[in-house]
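Asks: The following comprises the amino acid sequence and a computationally predicted model.
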Amino acid sequence: MESKLGLDKTVIDECRGFAEKITGDLMGFIQSHTTDSVERAVTRLMGLDGTDRIGTPYPNVLVDAVKRSRGLGQGIAAASADLIAYTGGALADAVKAIADKKLKLSDVPALDWDKRVEIVRPLAEAGLAEIKSRADERNSLRAAYPMSGPPLFYVIVATGNIYEDAAQAVSAVANGADCIAVIRSTAQSLLDYVPYGATTEGFGGTYATQENFKIMRRALDEAIQREGRYVNLVNYASGLCMPEIAAAAAFERLDMLLNDSMYGIIFRNINTYRTFVDQYFSRMINAKADIIINTGEDNYLTTADAVEKAHTVIASDFINESFAQRSGLPPRLMGLGHAFEIDPSIEGGFLMELAQAQMIREIFPEAPIKYMPPTKHVTGNVFQTHLVDMMFNVCSVMTDQSIHLLGMLTEAIHTPFVGDRYLSLSGARYAKNTMRGIGDEISFKPDGFIQRRAREVLGKAHEMLAEIVDISLVESLARGMFADIHRDPKGGKGIDGVVKKDDDYYNPFLEA
Amino acid sequence: MAQQDKKGIVKPYGDAMGDGAVQLSFTLPGVSGEIAEEAARRLAGKMGIDDPYVSSCDDIGSEMTFIVLYGKVRHSVDIGQIKGFDRGDEKIPNMKVIDHMIEEKLGRVITAVGACIESDAHTVGIDAIMNMKGYSGDYGLERYKNIRAINMGAQVSAEEVVREAIREKAEVILVSQVVTQKEVHVRNLTRLVDLLEAEHVRDGVILVVGGPRITRELAKELGFDAGFGRGTLPSHVAWFILNRLLEKEGRA
């Protein structure tokens, strides 16, 4: 693709090089540590599910018990092997016995490495085979029911009741939605466990549970057959349970997961190191499950100024790209994020939006770029917001964005009503249809405002990445270089869940 | 307009004074086509809307119909009967201005401790007001240079809030209560006031409560200085804090 912006390829290559150094500096820590949530995800991938009598998920029961008795340094897979050998039964039965206080881990003898591998490997292989069959299923459905061309229309449902969500999702699909994201209940990201079963109550969203995933998947699969096009199901692998959500999503054929390498640190005050370890493993699972990740750069612009801090978005996209690559995600699964958040009262603001959207498109040509709608400068005047959203739709179509999260006219008022979604989809469909092919017809004036804006933003991102190379990513987060929020690497939630691996640590999913 | 002011009666204005013109949009489940239109008109009639006209009636899937309706509302409101509300002429300044005024007029950094107390696990309210990000484009208190905002998060006991406020020499305590089932918020809020009084620190702090079901009347009744409901922005809270502190020092 010829650059319409005349971007300097050496600057882009250098940015990539910086990002690689930045993430490379953290790989030593990431590979020598594990977390409670990584280990719980391992148990899920080995097929452990269910809860004890008071509702504590079995993965938590097991990991907590192992942590208390012998520590997690050898990994939960090692302890699981010991348990299976000792009880002679299934892992779930052993965990039930622990929950019922009929079995003490201190009584369970430790096996040697080879024996452990021999016991656990078949469980891991079964889990991976299951995940692969889900991915194959997706491929054949997409062959039979092809997806819409870009941009894919992405809408949110968030009633708190999964059955209500399913009905609203089906309505949205009938009106042209291609991706359905079920927003999670407020503060789920700070729960250190994944809730269990179907849920009908939530606040500002619906709990992400494996059963809820299944219910929504079934509703969408029916809609796919009715409408004749594939519809993607989206949820959130973020917060304290990033890898576990990824595991549940892999089993239920979710298609996309919000999965950012830094969002939890910055916006949820989750410990820096915990997040880096969790994102690495969660993305490895996503790579195996062929799930597209969505990164959260849009959030930077809801706190920091969208004109002055546009470069932080692109800098973060480079970092997210590099982390994703290290987890084995190919570019086609990297839904790198950005947003349309410039104050509508700024003269020439739309030109800057065009410059930035086009720039990200060109820098990440194979990535399914995720474009987020205006949320900051909308006031509750639904008619005005509908117009601002249309400008966003226009920008998205002109710059060939891949995943287009629809703005809602009731943004800043409530989670979308079913009718709001209908109006929004109608507007977006109008833009996509009437402007089809416009991107191919456009070139930008050499050294005009748009080209200069793109160059300026890329230049600043280059500068920022160079600075991060010098001071380290951890220090840049402490200094508030992203979203103006400062995060102390020694603070934040979930820090107790970061564990140094022993020399004989075993995790079958790291080798597969 | 003069005619309307004299009587103090207001009703919507579309094209002519007193026509009561309104527009409504809503979704009706389980109906479609002409039946949906007629259902919408009858519904409008029950809402006190005369001459309902369905301008748009779209099938939106899942057996639902999206309606846009125009009509003339029969009702009016006597504004002379409205008591206890601001006249709406106070325009709350933005963060920059408030921050500057704190520095100029108060001359110190205000420490504010905030939490969603007791069993309530919803950080959404306290975060909207305190977090850097703020709410609806209005920056949170953490972003103010002259406010030291300490957000303790959710499920914080009243005791912990009081202890933190004393330790940090807070001038302001902000509490959020989102869950109001079985009046649990009233119990939680009363307990906090009791504890502050027991520690003899109630008079030393400005005590503010917020939440979707909180009203200023309820807040006053429970012994709070202010109560903020749905749609409150961080700048509303900051503005109140500044003015109350100035008032306390006789500088308002």
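Replies: Yep, it's here.
Asks: Could you check how far the residue lying farthest from the centre of chain B is from A:G407?
Replies: For chain B, the C-alpha farthest from the mean C-alpha position belongs to B:E34; by C-alpha atoms, centre = their mean, that distance is 39.5 Å. Computed with C-beta to C-beta, to the nearest Å, the distance linking B:E34 and A:G407 is 33 Å. For the C-beta atoms, the positions are set from N, CA and C on the backbone; glycine is no exception.
Asks: Check A:E211 too.
Replies: Counting by C-beta to C-beta, the gap between A:E211 and A:G407 amounts to 31 Å.
Asks: okay, those two: which has more neighbours?
Replies: Legend: neighbour count by other C-beta atoms under 10 Å in any protein chain shown for A:E211 and A:G407, higher for A:G407 (24 against 17).
Asks: and the more buried one, helix, strand or coil?
Replies: Three-state secondary structure (criterion: DSSP: H, G, I helix; E, B strand; the rest coil) places A:G407 in coil.
Asks: Please, which helix or strand holds the residue of chain B found nearest chain A?
Replies: For chain B, the residue closest to chain A is B:G61, as judged by C-beta to the nearest C-beta, at 2.8 Å. For B:G61, there is no helix or strand it lies in under DSSP states H and E.
Asks: residues in chain A within reach of chain B, list them.
Replies: With C-beta under 8 Å from any C-beta of the partner chain as the criterion, chain A comes near chain B at residues A:167-168, A:170-175, A:186-187, A:190, A:203-204, A:267, A:299, A:302-303, A:376-380, A:412, A:417-419, A:422-423, A:483-485.
Asks: Mind telling me what element B:E160 is part of?
Replies: For B:E160, the enclosing helix or strand under DSSP H and E is helix B:158-167.
Asks: would you list every one of the helices in the stretch 101-250 of chain A?
Replies: Taking DSSP state H, counting those that start in this stretch, the helices of the stretch 101-250 of chain A run over residues A:113-144, A:162-174, A:210-227, A:242-251.
Asks: and the longest one, what's its mean pLDDT?
Replies: Same thing as helix A:113-144. Mean per-residue pLDDT for helix A:113-144: 97.
Asks: can I see the domain layout of chain B?
Replies: In terms of domains, chain B is parsed into B:2-79, B:95-248 (source: automatic domain parsing).
Asks: and the last one, how far out from the chain's middle?
Replies: Which is domain B:95-248. Remark: domain B:95-248 is offset 13 Å from the chain centroid, using C-alpha atoms, centre = their mean, to the nearest Å.
Asks: pLDDT of that domain, averaged?
Replies: The predicted model gives domain B:95-248 an average pLDDT of 90.
Asks: Just give me the neighbour total for residue 228.
Replies: Because you didn't say which chain, this covers chain A. Other residues near A:G228 number 9, with proximity taken as other C-beta under 10 Å.
Asks: not what I meant, chain B
Replies: Neighbours of B:F228 under the rule other C-beta under 10 Å: 22.
Asks: What distance do you get for it to B:H185?
Replies: The gap separating B:F228 from B:H185 is 14 Å, by C-beta to C-beta.
Asks: what about the closest residue to B:E160 other than its chain neighbours, which SS state?
Replies: In this structure, B:E160 finds its nearest non-sequential neighbour in B:M152, 7.0 Å apart by C-beta to C-beta, 6 or more residues apart in numbering or on different chains. Under the three-state scheme (three-state DSSP), the conformation of B:M152 reads as strand.
Asks: My read is that B:M152 contacts B:A158, right?
Replies: No - B:M152 is not in contact with B:A158 according to C-beta atoms under 8 Å; the separation is 11.4 Å.
Asks: got the CA coordinates for stretch B:210-228 in PDB?
Replies: Output of stretch B:210-228 as PDB, limited to C-alpha atoms (Å, rounded to 0.1, in the frame of the first residue of the first chain):
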ATOM      1  CA  GLY B 210     -23.400  10.600  46.500                       C
ATOM      2  CA  GLY B 211     -25.200   7.900  44.700                       C
ATOM      3  CA  PRO B 212     -27.900   7.400  42.100                       C
ATOM      4  CA  ARG B 213     -30.700   7.300  44.800                       C
ATOM      5  CA  ILE B 214     -29.300  10.000  47.000                       C
ATOM      6  CA  THR B 215     -31.100  13.300  47.300                       C
ATOM      7  CA  ARG B 216     -30.100  16.500  49.100                       C
ATOM      8  CA  GLU B 217     -33.100  16.000  51.400                       C
ATOM      9  CA  LEU B 218     -32.000  12.500  52.400                       C
ATOM     10  CA  ALA B 219     -28.500  13.700  53.000                       C
ATOM     11  CA  LYS B 220     -29.600  16.600  55.300                       C
ATOM     12  CA  GLU B 221     -31.900  14.300  57.200                       C
ATOM     13  CA  LEU B 222     -29.000  11.900  57.900                       C
ATOM     14  CA  GLY B 223     -26.700  14.700  59.100                       C
ATOM     15  CA  PHE B 224     -24.600  15.100  55.900                       C
ATOM     16  CA  ASP B 225     -23.600  18.500  54.500                       C
ATOM     17  CA  ALA B 226     -24.600  17.600  51.000                       C
ATOM     18  CA  GLY B 227     -26.000  14.900  48.900                       C
ATOM     19  CA  PHE B 228     -25.400  14.400  45.200                       C
END
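Asks: And that stretch, what's buried?
Replies: For stretch B:210-228, the neighbour count (16 or more other C-beta atoms under 10 Å in any protein chain shown) marks B:G210, B:G211, B:P212, B:I214, B:L218, B:A219, B:L222, B:F224, B:D225, B:A226, B:G227, B:F228 as buried.
Asks: wait, which of these is closest to B:A170?
Replies: When the buried residues of stretch B:210-228 are ranked by distance to B:A170 (C-beta to C-beta), B:D225 comes first, at 13.5 Å.
Asks: residues contacting that closest one?
Replies: Each residue near B:D225 by C-beta atoms under 8 Å, 6 or more residues apart in numbering or on different chains is listed here: B:I206, B:L207, B:V208, B:A219, B:R244.
Asks: The residues you listed in strands, which ones?
Replies: B:I206, B:L207, B:V208 (DSSP state E).
Asks: who's in contact with the first one?
Replies: So the one you mean is B:I206. Counting by C-beta under 8 Å, 6+ apart, B:I206 makes contact with B:E171, B:V172, B:I173, B:D225, B:A226, B:I241, B:R244, B:L245, B:K248.
Asks: So which of the residues of chain A next to chain B are in strands?
Replies: Using DSSP E to define strands, no part of the residues of chain A next to chain B is located there.
Asks: follow-up on the earlier one: so how many other residues sit close to the residue nearest to B:E160?
Replies: A total of 20 residues lie near B:M152 under the criterion other C-beta under 10 Å.
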